[in-house]
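A.B. asks: coords please:
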Amino acid sequence: MVTERLARQVRFVLEIDKLKTVQRRTWLTDGTRSENSAEHSWHLAVMVLLFREYAVDQGLDLARAVQMALVHDLVEIDAGDTFVYDARGAIDKGQREEAAADRIFALLPDDLGQELRQVWEEFEARATAEARFVAALDRLQPILHNYHTAGRAWRQHGVTVDKVLSYNQHMSEGAPELWDYAQSLIRDAVQRGFLEEKP
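C.D. replies: Reported below is the predicted structural model:
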């Protein structure tokens, strides 16, 4: 017999399958199509495992950081992906994502729903070493993709170097060495014409 708890867990698993349909503006590195948010979350979780040595806090909880990477964008099922350089979309982003979190995490049994909601809120607040590290990687990933697609999304949306530097500078709080690396890619992208100077 299926318990109510199991039924709710299965319902949540089926619901989060929708994250695979949320298209991001970041292109795959082979340039064939844009990635979806589920692919981004998986990629980010693997990056947590690979780049943990660059975290400011070497004692961070790796399992929590991976958990954070996997759930940080679940709210996009309802709220959609807001392009990071979209000032108009950012106006109500927080409100849309809060409403999405209310609905999506409530699908789970209370204990699990509260646990994942807390992980999501921790990421959003960047209040812990784990959150700052995962947030740094969340910024590095699209920089890597843009650099390796000759700035495709940057060029498509008229993003300039000042915006990229300003938006991503908090990487230094969670992984300063990776921020240094990202800045070297950004400088090289400008030199190669992948990323425009401020008009």
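A.B. asks: Show the contacting residues for V84.
C.D. replies: With contact set as Cβ atoms under 8 Å, 6 or more residues apart in numbering, V84 has these partners: P142, Y167. Heads up, the C-betas are built off the backbone N, CA and C, glycines and all.
A.B. asks: typo on my end, it should be I186
C.D. replies: I186 neighbours (Cβ under 8 Å, 6+ apart): I143, V161, V164, L165, L195.
A.B. asks: Chain neighbours aside, what residue packs nearest to the last one?
C.D. replies: Yep, that's L195 we're talking about. Nearest non-adjacent residue to L195, counting by Cβ to Cβ, 6 or more residues apart in numbering: A189, 4.1 Å away.
A.B. asks: any idea how far K18 is from A87?
C.D. replies: Distance of A87 to K18, given as Cβ to Cβ, to the nearest Å: 27 Å.
A.B. asks: now do A65
C.D. replies: 24 Å.
A.B. asks: now swap in N168 and tell me
C.D. replies: 28 Å.
A.B. asks: So which of these two has more stuff around it?
C.D. replies: Each of N168 and K18 has its neighbours counted (other Cβ atoms under 10 Å); N168 has more, 20 against 15.
A.B. asks: still on that earlier bit, verify the contact between the residue nearest to L195 and H148 for me.
C.D. replies: No: taking contacts as Cβ atoms under 8 Å, A189 lies outside contact range of H148: 10.1 Å.
A.B. asks: Tell me which of the two has more neighbours.
C.D. replies: Counted by other Cβ under 10 Å, A189 and H148 do not tie: A189 has more neighbours, with 20 against 16.
A.B. asks: Now do the SS call for that one.
C.D. replies: Following DSSP: H, G, I helix; E, B strand; the rest coil, we place A189 in the helix state.
A.B. asks: Alright, I will stop here.
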